[in-house]
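# quick one, what's the 3D model for this:
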Amino acid sequence: MSNTERIDQPVEFGQHDTAGTDVIATDCDHRLYNYDIAPSKKVGRTWSSYNIFALWANDVHSLGNYTFAIGLFALGLGAWQILLAMGFGSVFLLVLLTISGFVGYKVGVPFPVMSRISFGVRGAHIPALFRGGVAIAWFGIQTYLASLVCNILVLALFPSAQSLTEHQLLGLNYLGWICFAVLWVLQVIIACYGIEMVRKFEAYSGPIILLTFLGMAVAVIVQAKGHITWEPEPLLHGKPWALHGWDMWHEILAGASGWVAIYGTFVLNFCDFTRGAKSKRSIVLGNIAGIPANMLFFGCIVVLLAGGRFTIDGSVIAGPEDVVHTFNTPFLVLACLALVILTVGVNLMANFVAPAYALTNIAPKKLDFRKSAIISGVIGFVILPWNLYNSPTVITYFLGGLGAVLGPLFGIVMADYWVLRKQRVNVPDLYTFAPSGDYHYSNGVNQRAVIALVPSALISIAFAFSGQIHALNALSAWGPFSWFIAAGIAFVLYLVVADRSRTFREVDGEAIAVQAHH
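A predicted model of the protein is given here:
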C-alpha cells in the first residue's frame with residue numbers, strides 16, 4: 001500500500017452536514033485527514049463577531065479568573081490598580097489572540113493541523129498533546145469547581161440533602177459525586193454535537209453570565225449600603241496590606257502578565273474557533289468587544305464584589321462563590337445556575353475542544369470529534385480531579401510544568417508562520433506523508449522546531465518552579481513574566497536555527513475543504 005491513499009467516495013456525516021452528506025475527493029492520506037480536521041470552506045462559515053464576543057463573555061468571567069483577579073485585591077491593590085492591570089493584560093491579549101486568530105481564518109484548520117506547518121506532520125503531536133493534556137486536567141478541575149456551586153444550589157433548594165455530605169468516596173462526598181456526574185454528562189452531550197453546538201451554547205450563555213454578574217454586583221452594593229472599599233487598608237490582621245511605589249507597580253505588571261499566562265492555553269488554539277470565522281473583521285470586532293471592553297466590565301465587577309464584601313464584614317473573599325451563599329434564596333438559585341452555566345461554557349470552549357482535536361489528530365481514520373470528546377471526558381473523570389485540585393504538588397509540578405511549555409510553543413508557531421514563511425502555507429501538503437510534501441521535514445518532524453523548543457521550555461519550567469525550588473529562587477521575582485520571556489526566547493531561537501533555504505509555497509485548501517459546520 002502506498003504512503004498516500006486516495007479518498008474519493010461520498011462519506012456520510014449525519015450531524016456534521018445539514019445536507020446529510022459531504023463528498024470528499026482528495027489525495028489526502030487518511031492517517032492525517034478526516035471531516036473534523038479538514039480545512040473549512042471560506043463560504044458558509046458561521047462565527048460572527050457576536051459569537052467571538054460571546055465566547056469571551058463566557059471565558060473572561062470564569063470562576064478561576066475571578067479568583068485570580070480578586071487575589072490582586074488581597075495582595076494589596078486598589079480599584080484603579082486592578083483596573084490598570086486588567087487593562088494592560090487585555091491589550092497584550094488583544095494583540096496575541098488577533099494574530100493567532102488570523103492564522104485560523106486563513107488556513108481554516110484546527111490547532112493540531114496548524115502545528116504541522118512548523119513542527120511537521122508527525123511532530124505536530126508534540127504541541128497538540130501538550131495543549132490537550134493541560135486541557136483534559138483542567139476540564140476535570142473546572143467541572144469539580146462547578147459542582148461545588150451546584151452543591152450550594154442543591155442544599156438551598158433541598159436542605160435534607162445535607163445527609164449526602166456526611167459520607168465520602170474516593171475523596172468526594174456523595175452529593176459532590178452526584179453534582180459532578182450530572183455536570184460531566186451534560187458537557188459530554190453538548191460536546192458530542194461538535195463545535196457548532198459549542199458556538200450556540202456560548203451565544204446564549206454569554207448574555208446570561210454578564211447580566212448575572214451585574215446583578216451580583218448590584219446586590220453587594222445594596223448590602224453594603226452604597227459604601228465600597230476602593231483601596232486596601234494600610235494593615236490587615238496586623239500586617240502591611242496596601243502596596244505603594246515599586247511593589248505596587250510590580251504587582252500591577254505581574255497581574256497583567258499573569259492574565260496573559262492564564263490565556264496561554266487559548267492563544268495557542270484560538271484557530272479552533274476562528275477557522276469558522278466569517279471574516280478577519282469578525283475576529284477583530286469580536287476580540288475588541290470581548291477582551292478590552294469585556295475585561296473593563298469584569299474588572300469593575302471584581303472591584304465591587306471584593307470591595308463591597310470587605311465593607312460588609314471585613315472579609316477578603318477568594319471568589320464569587322464566597323458571595324453567592326450570602327444572597328436570599330431566589331437570587332441565590334439564579335446566581336448558582338448562572339455560575340454553573342458559566343463554568344460549563346468555559347470548559348467546553350477552553351478545555352474540551354482542544355483535546356478532542358488533539359486525539360482526532362492522532363488517529364483520524366478511527367477517531368472523529370465526537371469519539372475524541374467522549375475519550376477526553378472519560379479521562380477527565382477517572383483522574384478524580386478534586387484530588388488533583390487539592391494537591392498543591394500536582395497543581396504546581398504537573399500542571400505547572402505542562403503549562404509552562406505552552407509559551408515557547410506559541411513563540412515557535414508564530415515565528416514560523418508570520419516571520420519565516422510570511423503567511424505562505426501549502427494547505428493540501430498538511431495532509432500527506434509524502435517525502436516531497438512541504439511539511440515532511442525529517443520523517444515528518446521538524447527537528448529545528450524541537451531544538452528551539454527544548455531550551456526555551458526548560459527555561460520556562462525553571463521560572464514556573466522558582467518559588468518551590470530553593471536553587472531557583474533568584475528567578476522568582478521574574479516568575480510572573482515567564483510566559484513572555486519563554487515565548488520570546490523560543491521565537492528568537494527558532495528564527496536562528498530555522499532552515500531558510502526552503503521554498504515556501506502558498507496553496508489554499510479549498511480543493512480539500514469541507515463545510516464549516518463542524
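
# residue boundaries of the helices in the stretch 101-250 of the chain?
Ranges of helices in the stretch 101-250 of the chain, per DSSP state H, counting those that start in this stretch, are 111-119, 125-157, 174-192, 195-223, 245-262.

# strands along this structure, start to end?
10-12, 21-23, 168-169, 172-173, 235-236, 239-240 (DSSP state E).

# now do the fifth one, average pLDDT.
The pLDDT scores in strand 235-236 average 67.

# how about the contacts made by Leu145?
Leu145 makes contacts with Leu63, Gly64, Thr343, Tyr389, as judged by C-beta atoms under 8 Å, 6 or more residues apart in numbering. Yep, even glycine has a C-beta here, placed from its N, CA and C like the rest.

# could you redo the last one with a cut-off of 10 Å?
Neighbouring residues of Leu145 by C-beta atoms under 10 Å, 6 or more residues apart in numbering: 62-64, 67, 138, 183, 319, 321, 339, 343, 346-347, 385-386, 389.

# of these, which belong to helices?
The helices, defined by DSSP state H, take in Leu63, Gly64, Thr67, Trp138, Leu183, Glu321, Leu339, Thr343, Val346, Pro385, Trp386, Tyr389 from the contacts of Leu145.

# farthest pair in those residues?
Pairwise distances among these were taken by C-beta to C-beta; the largest, 18.6 Å, belongs to Thr67 and Leu183.

# of all the helices of the stretch 101-250 of the chain, which lies closest to Tyr417?
It's helix 111-119; of the helices of the stretch 101-250 of the chain, that one is closest to Tyr417 (C-beta to C-beta) at 6.3 Å.

# next, the angle from the closest one to helix 125-157.
150 degrees (axes from the mean of the first three to the mean of the last three C-alpha atoms, to 10 degrees).

# and the strands of the chain, which one's lowest on average pLDDT?
strand 10-12 (a mean of 37).

# tell me the contacts of the residue lying closest to Leu153 once chain neighbours are set aside?
The shortest distance from Leu153 to any non-neighbouring residue, by C-beta to C-beta, 6 or more residues apart in numbering, is to Cys336 (3.7 Å). Residues near Cys336 by C-beta under 10 Å, 6+ apart: 146, 149-154, 156-157, 212, 321, 324-325, 327.

# quick one: closest of the helices of the stretch 101-250 of the chain to Val95.
helix 245-262 (10.0 Å).

# so for the closest one, mean pLDDT?
86.

# and it, what's buried?
Neighbour counts using 16 or more other C-beta atoms under 10 Å place 248, 251-262 of helix 245-262 among the buried residues.

# equivalent analysis for stretch 278-290, please.
Lys278, Ser282, Ile283, Val284, Leu285, Gly286, Asn287, Ile288, Ala289, Gly290.

# tell me the confidence at the last one?
Yep, that's Gly290 we're talking about. 92.

# contact partners for the residue lying closest to it once chain neighbours are set aside?
Once flanking residues are discounted, Gly290 sits nearest to Trp56: 2.9 Å by C-beta to C-beta, 6+ apart. Counting by C-beta under 10 Å, 6+ apart, Trp56 touches 93, 97, 202, 206, 263, 266, 286-287, 289-291, 293-295, 298, 349.

# same check on Gly71?
Per C-beta under 10 Å, 6+ apart, neighbours of Gly71: Leu77, Gly255, Gly258, Val302, Ala306, Val316, Ala318, Gly319.

# which of those residues count as buried?
Buried members of the contacts of Gly71, counted by 16+ other C-beta under 10 Å: Leu77, Gly255, Gly258, Val302, Ala306, Val316, Gly319.

# closest to Ala477 out of these?
Of these, the one sitting nearest to Ala477 (C-beta to C-beta) turns out to be Gly258, at 13.8 Å.

# check the gap between the closest one and Ala513 for me.
To Ala513, Gly258 is 38 Å away according to C-beta to C-beta, to the nearest Å.

# what is the burial count for the closest residue to Ala242 other than its chain neighbours?
The shortest distance from Ala242 to any non-neighbouring residue, by C-beta to C-beta, 6+ apart, is to Pro232 (4.2 Å). By other C-beta atoms under 10 Å, 23 other residues sit near Pro232.

# what's the answer for Val382, then?
9.

# which residues does it contact?
If you count contacts by C-beta under 10 Å, 6+ apart, then Val382 has Gly140 around it.

# how close does it get to Ile375?
Going from Val382 to Ile375 by C-beta to C-beta gives 11 Å.

# what's the answer for Glu251, then?
For Glu251, the distance to Ile375 - C-beta to C-beta - is 41 Å.

# do the same with Asp416
For Asp416, the distance to Ile375 - C-beta to C-beta - is 30 Å.

# between those two, point out the one with more neighbours.
Between Asp416 and Ile375, counted using other C-beta under 10 Å, Asp416 has the larger neighbour count: 23 against 16.

# count the neighbours of the nearest residue to the more buried one once chain neighbours are set aside for me.
Spatial nearest neighbour of Asp416, excluding adjacent residues (C-beta to C-beta, 6+ apart): Ser118 at 3.6 Å. Neighbour count of Ser118, defined by other C-beta under 10 Å: 27.

# test my guess that Ser118 contacts Ala498.
Yes: look at Ser118 against Ala498 with C-beta atoms under 10 Å: they come within range, at 9.0 Å.

# find residues that contact each of those two.
Ile412, Ala415, Asp416, Leu420, Arg421, Asn446, Arg448, Ala449, Ala452.

# so the last one versus Val302, what's the distance?
From Ala452 over to Val302 the distance is 37 Å, taken as C-beta to C-beta.

# what of Asn347?
Counting by C-beta to C-beta, the gap from Asn347 to Val302 is 21 Å.

# just Leu96 next, same as before
22 Å.

# again with Leu93
According to C-beta to C-beta, Leu93 and Val302 sit 16 Å apart.

# and for Pro292?
15 Å.

# any idea which helix or strand in this protein has the lowest mean pLDDT?
strand 10-12 (a mean of 37; mean pLDDT, DSSP states H and E).

# got the contact list for the closest residue to Cys271 other than its chain neighbours?
Once flanking residues are discounted, Cys271 sits nearest to Gly104: 2.7 Å by C-beta to C-beta, 6+ apart. Applying C-beta under 10 Å, 6+ apart, we find Gly104 in contact with 40, 47, 110-111, 114, 269-277, 283.

# that older thread, pull the most distant pair out of the shared contacts of Ser118 and Ala498.
Pairwise over the shared contacts of Ser118 and Ala498, using C-beta to C-beta, the maximum falls at Arg421 and Ala452, 15.1 Å.

# ok, those two, which is more surrounded?
A count of neighbours by other C-beta under 10 Å puts Ala452 above the other of Arg421 and Ala452, at 27 against 20.

# and the gap between the more buried one and Trp230?
In this structure, Ala452 and Trp230 are 46 Å apart, going by C-beta to C-beta.

# excluding chain neighbours, what is closest to Gly132?
Closest to Gly132 by C-beta to C-beta, 6+ apart is Ala358, at 3.2 Å.

# what sits against the one you found?
Applying C-beta under 10 Å, 6+ apart, the residues contacting Ala358 are 110-112, 115, 124-125, 127-133, 135-136, 269, 372, 376.

# just the ones of the buried residues of stretch 278-290 in helices?
Reading helices off these with DSSP H, I get Ser282, Ile283, Val284, Leu285, Gly286, Asn287, Ile288.

# all helices for the stretch 351-500 of the chain, in order.
Under DSSP H, counting those that start in this stretch, the stretch 351-500 of the chain gives helices at 353-362, 369-382, 385-389, 392-393, 400-404, 406-414, 447-464, 482-497.

# could you tell me the angle between the last one and helix 447-464?
Right, the one you point to is helix 482-497. 160 degrees.

# and the angle from helix 482-497 to helix 406-414?
40 degrees.

# just the CA trace of helix 482-497, in PDB.
Output of helix 482-497 as PDB, limited to C-alpha atoms (Å, rounded to 0.1, in the frame of the first residue of the first chain):
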ATOM      1  CA  SER A 482       7.800  33.900  32.400                       C
ATOM      2  CA  TRP A 483       5.300  33.400  29.600                       C
ATOM      3  CA  PHE A 484       6.600  36.400  27.700                       C
ATOM      4  CA  ILE A 485      10.200  35.600  28.500                       C
ATOM      5  CA  ALA A 486      10.000  32.000  27.400                       C
ATOM      6  CA  ALA A 487       7.800  32.700  24.300                       C
ATOM      7  CA  GLY A 488      10.300  35.400  23.300                       C
ATOM      8  CA  ILE A 489      13.300  33.200  23.700                       C
ATOM      9  CA  ALA A 490      11.600  30.400  21.600                       C
ATOM     10  CA  PHE A 491      10.600  32.900  19.000                       C
ATOM     11  CA  VAL A 492      14.200  34.100  18.600                       C
ATOM     12  CA  LEU A 493      15.800  30.700  18.900                       C
ATOM     13  CA  TYR A 494      13.600  29.300  16.200                       C
ATOM     14  CA  LEU A 495      14.400  32.100  13.800                       C
ATOM     15  CA  VAL A 496      18.100  31.500  14.500                       C
ATOM     16  CA  VAL A 497      18.000  27.700  13.800                       C
END
